[in-house]
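K.L.:
Here you go, sequence then predicted model.
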Amino acid sequence: MPSVDEELEEIKRLIEGDNNKTPPPPSSKELVPVRPKQGLPAVPKKPDAPAVPAVQKKPGAPSVPAVQKRPGAPAVSGKPSPTQLKETAPPQKRTPAPQQGAAPKPADGGKGDVRSYKISPDGKVTKQAEGAPELDIGAKDFEINFDFDGEYKDVPENKPLRPLRERRTGCVGGILYFAFVICVSLVLASLLWMATVDVLGFGADDEPVNVTVREGFVIDDITDMLYDAGLIRNRFLFNMYAGFSNAEEKITTGQFVLNKNFDYRALVQGMTARAGVRVETTVTIPEGFTLAQIFTLLEDYGIVDSADDLWETATNHNFNFHFLDEETLGDRLRLEGFLFPETYNFFLGSTPVQVLNRFLREFNRRFTEEFVDRAEDMGYSVRDIINIAAMIEREAGSDEERPRIAAVIYNRLNSRNFPFLQLDATIHYALQGTGRPFPVPPTDFDHPFNTYTNEGLPPGPIANPGIASIRAALYPATTNEFYYALNREGTHNFFRTYEQHRAFVNSPQYGGR
């Protein structure tokens, strides 16, 4: 059994790194408490526990071979005593004591015998004697069983451990953060001011601008129009306001006068039919103008965008007036004669329905109940009266002769001897827009409006008559005349017989050549 001094020398060599010499295994008669190979601290013996003697072999008993010790297991010789079993039982796990020094490392890398040692405050290492009571050296004495190499295997050898330093922004960081907040605030304030200026119209010039809202518009069309005119600066903001305020439902077609200093609300209100300032224009429709002439004039004045839109509406729109027959829907000339000639104020950019309704309301106002009753008494419809009045309008040279022309027309309509009206104005109407000359003789021209070849009234009015011609058609003169011819003064001479008529035509007073 090695002495205590030898074991101390061995421990010193282990601490100094001399691991070449392996300590001799203990004798089979020695009872050495062995720690489990997990490296847990040894269980200290009670101070007053007596040393356990080695087991004596009975005389004559066969010798029992020594049990081979597994790495990290205690050496056992023969049958262990109950005391030995108790001493070698695995101890309870407990938390290692804080590090105060390095524990001795066995020469076999931790797989060999692990013993209990004491380290005094002055650094002297002593072995705890087997079976001896623990020495009470002082409060600073503790046991060490800690694997430094295993716990710190990932730490580089040449890199010293440094304490974690608390991060602090410092004064520079605070200044940068303050500057960042100020910049963001300035940007947001600038954007807010720009939006406020645009929405409320601050700082804009006091400059009127004419705009036209066309039929079939959507809110994007209005936004683009206002942006192009310089009335708004931000399309996105105006679209948001328009959606919030239902602007698309309020805005109507037409031409309006807006101002660059208008806010969004004023812009929308300025394009409504009730509150907006719309551009009006005055147009005079001459008596005797045809639909084609009126539609062209309205387009030239900018009242409508296109004359084609007026034609389409006049042909297919069902206007609610008693003097219009629904059966005529689809007829291109169904409104001929009912657009009362007068001086009108129209909003620029109006819709075709608005324009035509304005004409028809004026006709309905002028053609009174008295006229309706008079037409019924005469046995004619309102359309027939307007048909006759239109021919009077195109033929008459003065208001005084209108009733006499009306008398000639009625005399022929009511006579069996004159089935044809033979009015040149109806042929001119049929030839309008064709560029063809007046046919000579007129009977060579085949057309429904040719009153030289078709009996009775033409298919419809040939013009839009004024109130004088309408009154003449309702109240014709009473004569027996069937002919009239144009004189050099631009009026007409009237005749009862054909011979009188031919004599005048061949005279120098005739103005038809």
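P.N.:
Cool, got the structure. Numbering: from 1, shown residues only.

K.L.:
Could you use CA atoms for every contact and neighbour count after this?
P.N.:
Noted.

K.L.:
Helices of the stretch 351-500 of the chain, start to end?
P.N.:
352-366, 369-378, 382-395, 402-413, 424-431, 467-474, 498-505 (DSSP state H, counting those that start in this stretch).

K.L.:
In TSV, list those along with mean pLDDT, distance to V304 and mean neighbour count.
P.N.:
Shown next, in TSV, are these (pLDDT from 0 to 100; distance: least, C-alpha to C-alpha, whole Å; neighbours: other C-alpha atoms under 10 Å):
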stretch	mean pLDDT	distance to V304	mean neighbour count
helix 352-366	95	7	17
helix 369-378	96	32	13
helix 382-395	97	26	25
helix 402-413	97	34	23
helix 424-431	94	25	19
helix 467-474	97	26	23
helix 498-505	95	45	14
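
K.L.:
so which strand or helix has V181?
P.N.:
Following DSSP states H and E, one finds V181 within helix 170-200.

K.L.:
What ranges in this protein fall below the confidence cut-off?
P.N.:
Along the chain, segments meeting pLDDT under 70 span 1-4, 15-149, 151-170, 189-205, 274-278, 513.

K.L.:
Where do the strands of it begin and end?
P.N.:
Under the criterion DSSP state E, the chain contains strands at 117-119, 125-127, 208-213, 254-259, 280-284, 343-347, 483-486, 492-495.

K.L.:
Export these to a markdown table and append columns for distance to L457 and mean neighbour count.
P.N.:
Compiled in a markdown table, those are given as follows (distance: least, C-alpha to C-alpha, whole Å; neighbours: other C-alpha atoms under 10 Å):
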| stretch | distance to L457 | mean neighbour count |
| --- | --- | --- |
| strand 117-119 | 142 | 20 |
| strand 125-127 | 145 | 15 |
| strand 208-213 | 43 | 17 |
| strand 254-259 | 40 | 23 |
| strand 280-284 | 29 | 14 |
| strand 343-347 | 29 | 17 |
| strand 483-486 | 17 | 20 |
| strand 492-495 | 21 | 18 |
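
K.L.:
Quick one, which of those gets closest to D424.
P.N.:
strand 483-486 (10.8 Å; C-alpha to C-alpha).

K.L.:
name the helices or strands packed onto that closest one?
P.N.:
The elements that strand 483-486 packs onto, with contact taken as 3 or more C-alpha pairs under 8 Å, 6 or more residues apart in numbering; DSSP states H and E, are strand 492-495, helix 498-505.

K.L.:
Out of these, which gets nearest to G288?
P.N.:
Per C-alpha to C-alpha, nearest to G288 of the helices and strands packed on strand 483-486: strand 492-495, 17.7 Å.

K.L.:
Show me what that closest one packs onto, helices and strands only.
P.N.:
Contact here means 3+ C-alpha pairs under 8 Å, 6+ apart; on that basis strand 492-495 packs against strand 483-486.

K.L.:
change it to 10 Å
P.N.:
helix 402-413, strand 483-486, helix 498-505 (3 or more C-alpha pairs under 10 Å, 6 or more residues apart in numbering; DSSP states H and E).

K.L.:
and of these, who's closest to T272?
P.N.:
Nearest of the helices and strands packed on strand 492-495 (C-alpha to C-alpha): helix 402-413, 45.0 Å.

K.L.:
returning to what we had before: could you export the helices and strands packed on strand 483-486 to JSON lines, including columns for distance to H447?
P.N.:
JSON lines is the format used below for the helices and strands packed on strand 483-486 (distance: least, C-alpha to C-alpha, whole Å):
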{"stretch": "strand 492-495", "distance to H447": "26"}
{"stretch": "helix 498-505", "distance to H447": "25"}
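
K.L.:
Domain parsing of this protein, as residue ranges.
P.N.:
Domain ranges of the chain: 1-43+78-158, 280-366, 369-481, per automatic domain parsing.

K.L.:
which residues are in contact with stretch 314-325?
P.N.:
291, 308-309, 313, 326, 328-336, 338, 352-353, 356-357, 360-361, 363-364, 367, 372, 381-383 (C-alpha atoms under 10 Å, 6 or more residues apart in numbering).

K.L.:
Kindly reformat the helices of the stretch 351-500 of the chain as a markdown table containing distance to A242.
P.N.:
As requested, those are exported to a markdown table (distance: least, C-alpha to C-alpha, whole Å):
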| stretch | distance to A242 |
| --- | --- |
| helix 352-366 | 25 |
| helix 369-378 | 47 |
| helix 382-395 | 47 |
| helix 402-413 | 57 |
| helix 424-431 | 50 |
| helix 467-474 | 47 |
| helix 498-505 | 71 |
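
K.L.:
wait, which of those helices is closest to Y177?
P.N.:
Across those, closest to Y177 is helix 352-366 (C-alpha to C-alpha), at 64.0 Å.

K.L.:
picking up where we left off before, distance to G433 added to the strands of the chain, as TSV?
P.N.:
TSV is the format used below for the strands of the chain (distance: least, C-alpha to C-alpha, whole Å):
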stretch	distance to G433
strand 117-119	130
strand 125-127	132
strand 208-213	31
strand 254-259	30
strand 280-284	22
strand 343-347	25
strand 483-486	24
strand 492-495	27
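
K.L.:
Looking at the ones you listed, which is nearest to R233?
P.N.:
Closest approach to R233 among those (C-alpha to C-alpha): strand 254-259, 13.6 Å.

K.L.:
contacts for the closest one?
P.N.:
Residues contacting strand 254-259 (C-alpha under 10 Å, 6+ apart): 201, 204-215, 226, 229-231, 266-273, 276-280, 302-305, 346-351.

K.L.:
mind listing what I392 touches?
P.N.:
With the criterion set at C-alpha under 10 Å, 6+ apart, I392 makes contact with 288, 386, 399, 401-406, 409, 423, 425, 463, 465-466, 468-470, 472-473.

K.L.:
I'd like the helices and strands packed on strand 492-495 laid out as TSV, including distance to P459.
P.N.:
Output for these, formatted as TSV (distance: least, C-alpha to C-alpha, whole Å):
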stretch	distance to P459
helix 402-413	15
strand 483-486	22
helix 498-505	27
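
K.L.:
Minimum distance to D220: which of the ones you listed has it?
P.N.:
Minimum separation from D220 across the helices and strands packed on strand 492-495 (C-alpha to C-alpha) falls at helix 402-413, 54.9 Å.

K.L.:
elements contacting the closest one?
P.N.:
Applying 3+ C-alpha pairs under 10 Å, 6+ apart, we find helix 402-413 packed against helix 382-395, helix 467-474, strand 483-486, strand 492-495.

K.L.:
distance between the ends of stretch 227-239?
P.N.:
Using C-alpha to C-alpha, to the nearest Å, the end-to-end distance of stretch 227-239 comes to 11 Å.

K.L.:
same deal with stretch 248-267?
P.N.:
Where stretch 248-267 starts and where it finishes are 12 Å apart, if you go by C-alpha to C-alpha.

K.L.:
Make 55 the starting number, not 1.
P.N.:
Yep, numbering from 55; the last one is stretch 302-321 now.

K.L.:
Which positions in that stretch come out as buried?
P.N.:
Across stretch 302-321, burial judged by 16 or more other C-alpha atoms under 10 Å covers 302, 305-321.

K.L.:
just to revisit the earlier point, closest one to L351 among the helices and strands packed on strand 546-549?
P.N.:
Closest approach to L351 among the helices and strands packed on strand 546-549 (C-alpha to C-alpha): helix 456-467, 26.6 Å.

K.L.:
could you check the angle helix 521-528 makes with the closest one?
P.N.:
40 degrees (axes from the mean of the first three to the mean of the last three C-alpha atoms, to 10 degrees).

K.L.:
What angle do helix 436-449 and helix 456-467 make with each other?
P.N.:
Using the same axes, to 10 degrees: helix 456-467 against helix 436-449 is 120 degrees.
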